[in-house]
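1. this one's sequence-less:
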């Protein structure tokens, strides 16, 4: 399941290619408005009714789900190449989550109105929005399944696997991991200690490396 | 959130209309193969690569997620009118879950091959599959959010609200509720007792009624 999820996330951020969506790709490169977001800035607000399709051309963003009471969980981290606000192109409903920059981000925006005004562009956009939404659905379903059915240690490994860089390493604190997994940081600490004793990770302050 | 979720589920099972999808609707009514499934029978297997779009014309089906170790959670219950195997039409990937009949079900099937052979039918099917997948994504995201952020009592109310009939009543056992929420039936029993003391539900053996 880990490899599969990782592949899905990588797939997600490489959907918009010139080959598969020639008109839309050209529109993004030529006509989009680029906007910069500093770390901590909200790119899309939960329930916001944004009438633009976004393309994260540089940086990284986190997807935050917040409850009525103000509790937050991080559902996902989007790499460059991710599409923002795609499901809304299909069903007209607001964003289910906040999208927040964690590194300096550049986002290219195209208004829905412009995309819908040309039938070829509209068909390409619908096809891309459908693909994007299918990946989001499969990712969310897997994260939900893991939360419901896996022990915490396996959920930690699963999440680290999604976040790791090319050196199998993740810059992350126990507190941040706790936000991803919806449990207290004390439980995360205990599980990280156990995983280290089992030689499945190397845990230094602020960084975790997966042992393969 | 409850009202919204319920509306989404009702929306989900009324997407395929003659007005919005005239060609696809006609194809389902004229050319589909109807298949009957008895309670307990699997309609779509998890990871199965089924090359047909399904329309649940009668009956009810449950969506079961199963872990590698064989633990199961029920993610959703689909009413008549629901579409089965729609995300795969978009991305070619297998079903993320088992779909299992809980009442006698009639499912109409149309082969993807046939749907793709006609460009108008293909465009309608892609549009419907996109809408279906967007609803599935939003439902899954909300169930995940509830699991992560809400106390068990609120999750029980949330789930009962999704399952209730026109009399605000749900035929369900504590064991079945436990399968929906991924917790032990003892915790469910305790929470049901508390909810009854708070006059938010009436709990008789095998049936729960929501007090409004």
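-> Looks like it arrived, so ask away. Fair warning: this is a prediction, and the values are worked out from it, not measured in the lab.

2. from residue A:119, how far out is residue A:93?
-> Distance of residue A:93 to residue A:119, computed by CB to CB, to the nearest Å: 23 Å. Every residue, glycine included, has its C-beta placed from N, CA and C.

3. the two: which has the busier surroundings?
-> Comparing residue A:93 with residue A:119 by other CB atoms under 10 Å in any protein chain shown, the one with more neighbours is residue A:93, at 16 against 8.

4. ok, that one - contacts?
-> By CB atoms under 8 Å, 6 or more residues apart in numbering or on different chains, residue A:93 lies in contact with A:87, B:134, B:138.

5. restricted to strands, list these.
-> Nothing among the contacts of residue A:93 maps onto strands, per DSSP state E.

6. how about the longest helix belonging to chain A: buried residues?
-> Using DSSP state H, we find that the single longest helix of chain A is helix A:119-149. Using 16 or more other CB atoms under 10 Å in any protein chain shown as the test for burial, helix A:119-149 gives A:121-149.

7. can you give me the angle it makes with helix B:119-149?
-> Angle of helix A:119-149 versus helix B:119-149, following axes from the mean of the first three to the mean of the last three CA atoms, to 10 degrees, is 30 degrees.

8. how far away from the center of its chain is helix A:119-149?
-> Per CA atoms, centre = their mean, to the nearest Å, the displacement of helix A:119-149 from the mean C-alpha position of its chain is 11 Å.

9. who does the helix or strand following it touch, helix- and strand-wise?
-> Where DSSP states H and E defines the elements, the next helix or strand beyond helix A:119-149 is helix A:152-163. Applying 3 or more CB pairs under 8 Å, 6 or more residues apart in numbering or on different chains; DSSP states H and E, one finds that helix A:152-163 makes contact with helix A:2-12, helix A:119-149, helix A:174-181, helix A:185-197, strand A:207-210.

10. how far is helix A:152-163 from where the chain is centred?
-> Relative to its chain's centre, helix A:152-163 lies at 15 Å (CA atoms, centre = their mean).

11. what does that helix contact?
-> Residues outside helix A:152-163 that contact it (CB under 8 Å, 6+ apart): A:1-2, A:5-6, A:9, A:77, A:146-147, A:150, A:170, A:172, A:177, A:180-181, A:183, A:187-188, A:191-192, A:194-195, A:200-201, A:208, A:210.

12. PyMOL command to pick out the buried ones of the residues you listed?
-> Restricted to buried positions by 16+ other CB under 10 Å, the PyMOL selection for the contacts of helix A:152-163 reads:
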select buried, chain A and resi 2+5+9+77+146+147+150+170+172+177+180+181+183+188+191+192+195+200+201+208+210
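
13. mean confidence score for the longest helix of chain A?
-> The average pLDDT within helix A:119-149 is 93.

14. nearest to chain B, of the helices and strands packed on helix A:152-163?
-> Of all these, helix A:119-149 sits nearest to chain B, with 3.7 Å by CB to the nearest CB.

15. wait, does that closest one contact chain B?
-> Yes: using CB under 8 Å from any CB of the partner chain, we find that helix A:119-149 touches chain B at A:123, A:126-127, A:129-131, A:133-138, A:140-145, A:147-149.

16. got the angle between that helix and helix A:152-163?
-> Using the same axes, to 10 degrees: helix A:119-149 against helix A:152-163 is 150 degrees.

17. about what we covered before: what's the closest of the helices and strands packed on helix A:152-163 to residue B:66?
-> Relative to residue B:66, the nearest member of these by CB to CB is helix A:119-149, separated by 7.9 Å.

18. low pLDDT regions in chain A?
-> A:1-5 (pLDDT under 70).

19. show me what from it comes close to chain B.
-> A:1, A:65-69, A:71, A:73, A:75, A:87, A:90-91, A:93, A:96-97, A:123, A:126-127, A:129-131, A:133-138, A:140-145, A:147-150, A:182.

20. distance between stretch A:79-98 and the chain's centre?
-> Chain-centre distance of stretch A:79-98: 11 Å, with CA atoms, centre = their mean.

21. nearest to residue A:18, of the helices and strands packed on helix A:152-163?
-> Nearest of the helices and strands packed on helix A:152-163 (CB to CB): helix A:119-149, 11.4 Å.

22. what's the angle from that closest one to helix A:174-181?
-> Relative orientation of helix A:119-149 with respect to helix A:174-181: 110 degrees, computed using the same axes, to 10 degrees.

23. domain parsing for chain A?
-> Here the domain assignment for chain A is A:2-148, A:152-210, based on automatic domain parsing.

24. could you look up the SS state of residue A:17?
-> Under DSSP: H, G, I helix; E, B strand; the rest coil, residue A:17 falls in the coil class.
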